[in-house]
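>>> here you go, sequence then predicted model.
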Amino acid sequence: MNHAPESFAAFRERIVARSEEKLESFLPPDHAFPARLHEAMRYSVLGGGKRVRPLLVYATGAALGVHESLLDRPAAALEMIHAYSLVHDDLPAMDNDDLRRGRPTCHKAYDEATAILVGDALLTHAFRVLAEPFGVSPTQQLRMVVTLAQAAGSHGMVGGQAVDLAAVGHELAQPALEQMHLLKTGMLIRCAIQLGLAASGVAEESRQGSALIRYADRVGLAFQVQDDILDEIGDIEQTGKAKQGADRERQKPGFVSLLGLKQAQGYARSLLDEALGELETWGKEADHLRALARLIVERNR
Ligand code: GRG
């Protein structure tokens with residue numbers, strides 16, 4: 001038997017494939033009645049995506065010695081909620097996007113009413129997936145359900161989206177911008193780590209647990225700063241120049257409009273260093289968490 005530690009590239013490839021297989025099997029089949037709704041749900045979840053949140057769940061599990069079979073349902077439930085948020089975010093009442101992951105958005109491929117229902121059904125189905133028995137204790141499982149509900153709801157992602165929508169057209173100061181992103185994207189990223197912790201039985205308040213949560217919050221913010229940087233670079237490539245003045249004011253607030261491109265890049269780097277600093281005393285078991293933090297900041301999509 002080969003006991004050499006798995007490289008991050010191999011881990012990533014294997015976990016993305018595993019997550020997709022699990023999502024495939026936990027989602028209703030597309031021939032099940034009502035077939036059009038189920039087909040649209042599968043279209044929205046299974047059509048690509050980097051699977052960052054599942055990767056974080058399994059990498060946390062690897063750091064804490066958790067059997068991967070205990071992470072399959074938490075990771076899939078979290079990814080279903082992420083997929084629902086993208087479907088709703090793309091709707092005309094929100095970001096009004098035609099393309100997602102290089103394909104028509106759900107409301108373009110189907111219709112608006114179907115896209116609303118896809119989001120509703122994915123949110124509900126995620127909790128069913130997480131609530132079926134799968135080998136953790138009822139106490140651990142309940143902790144996962146509460147954690148996911150908090151991260152997704154009005155004190156988490158949905159609350160952050162509400163703050164973001166209210167801020168369109170306004171310049172937010174950096175603390176307000178960070179607070180908004182901590183909720184909108186940060187809470188699902190933190191939740192990935194919390195689900196791994198819950199599966200391991202390690203308390204969030206423990207030394208290990210709190211270091212992992214601080215790692216997650218730095219990574220979540222870095223993810224968003226990098227997202228803004230990629231948006232800006234995309235704009236420059238498309239128009240040949242950065243958006244300025246009134247053009248930028250119509251945009252949502254972001255780190256690049258607040259800090260400028262170079263400073264935002266430096267900020268992403270320092271958040272990465274802080275995230276890695278939280279893992280300083282950990283050994284090789286945290287290598288996939290380290291590599292994921294780097295990947296999130298160095299990604300180009
Ligand atoms: C509509 C309830 C509701 C919530 C929306 C998170 C969110 C809240 C909307 C997503 C909008 C958006 C594009 C935010 C920027 C950061 C982000 C979450 C990008 C997409 O996530 P990735 O890069 O996507 O992980 P993939 O496609 O890889 O899964």
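Arrived safely, thanks for sending.
>>> show me what the biggest helix by length in the chain packs onto, helices and strands only.
As assigned by DSSP state H, the longest helix anywhere in the chain is helix 207-239. Packing partners of helix 207-239 (3 or more Cβ pairs under 8 Å, 6 or more residues apart in numbering; DSSP states H and E): helix 52-64, helix 174-181, helix 187-200, helix 255-259, helix 261-278, helix 287-298. (Each C-beta comes from the backbone N, C-alpha and C, glycine too.)
>>> how does it look with 10 Å?
helix 52-64, helix 174-181, helix 187-200, helix 245-249, helix 255-259, helix 261-278, helix 287-298 (3 or more Cβ pairs under 10 Å, 6 or more residues apart in numbering; DSSP states H and E).
>>> distance between the fifth one and the chain's centre?
Distance of helix 255-259 from its chain centroid, counting by Cα atoms, centre = their mean, to the nearest Å, is 22 Å.
>>> try stretch 294-301
On Cα atoms, centre = their mean, the centre of stretch 294-301 falls 13 Å from the chain's centre.
>>> contact partners for residue 183?
By Cβ atoms under 10 Å, 6 or more residues apart in numbering, the contact set of residue 183 is 151, 154-164, 220.
>>> write out the residues of the stretch 101-250 of the chain neighbouring the ligand.
101, 157-158, 161, 184-185, 227 (Cβ under 6 Å from any ligand atom).
>>> need the pLDDT of the residue nearest the centre of the chain.
For the chain, the residue nearest the mean C-alpha position is residue 53 (4.6 Å; Cα atoms, centre = their mean). In this prediction, residue 53 carries a pLDDT score of 98.
>>> same deal with residue 47?
For residue 47, the predicted pLDDT is 78.
>>> count the residues that sit near residue 99.
For residue 99, the neighbour count with other Cβ atoms under 10 Å is 10.
>>> same thing with residue 32?
Neighbour number of residue 32 under other Cβ under 10 Å is 11.
>>> can you say which helix or strand has the residue nearest to it when sequence neighbours are not counted in it?
The shortest distance from residue 32 to any non-neighbouring residue, by Cβ to Cβ, 6 or more residues apart in numbering, is to residue 38 (5.3 Å). Residue 38 is part of helix 35-46, with elements assigned from DSSP states H and E.
>>> who touches that helix?
20, 23-24, 26-32, 34, 76, 79-80, 82-84, 86-87, 90, 100-101, 103-107, 109-111, 114-115, 117-122, 125.
>>> cutoff 7 Å now
With Cβ atoms under 7 Å, 6 or more residues apart in numbering as the test, helix 35-46 has contacts from 20, 23-24, 27-30, 32, 80, 83, 87, 106, 109-110, 114, 117-118, 121-122.
>>> circling back to that earlier point, how about the longest helix of the chain: buried residues?
The neighbour-count check on helix 207-239 (16 or more other Cβ atoms under 10 Å) flags 208-209, 211-229, 231-232, 235 as buried.
>>> and that helix with helix 287-298, angle?
Put simply, helix 207-239 runs at 30 degrees to helix 287-298, going by axes from the mean of the first three to the mean of the last three Cα atoms, to 10 degrees.
>>> can you pull out the helices in the stretch 1-150 of the chain?
Secondary structure of the stretch 1-150 of the chain (DSSP state H, counting those that start in this stretch): helices located at 8-26, 35-46, 52-64, 72-89, 106-109, 112-131, 138-152.
>>> if we can go back for a sec, relative to the whole chain's centre, how far out is the helix holding residue 38?
Computed by Cα atoms, centre = their mean, the chain-centroid distance of helix 35-46 equals 20 Å.
>>> roughly how far does the residue nearest to residue 32 sit from the ligand?
Remark: distance between residue 38 and the ligand (Cβ to the nearest ligand atom, to the nearest Å) = 20 Å.
>>> can you report how many residues neighbour the closest residue to residue 60 other than its chain neighbours?
Closest residue to residue 60 apart from its sequence neighbours, by Cβ to Cβ, 6+ apart: residue 196 at 2.7 Å. Residue 196 has 27 neighbouring residues, counting by other Cβ under 10 Å.
>>> so how far is the ligand from residue 196?
Applying Cβ to the nearest ligand atom to residue 196 and the ligand gives a distance of 17 Å.
>>> next, the contact list for that residue, please.
Contacts of residue 196 by Cβ under 7 Å, 6+ apart are 57, 60-61, 64, 66, 71.
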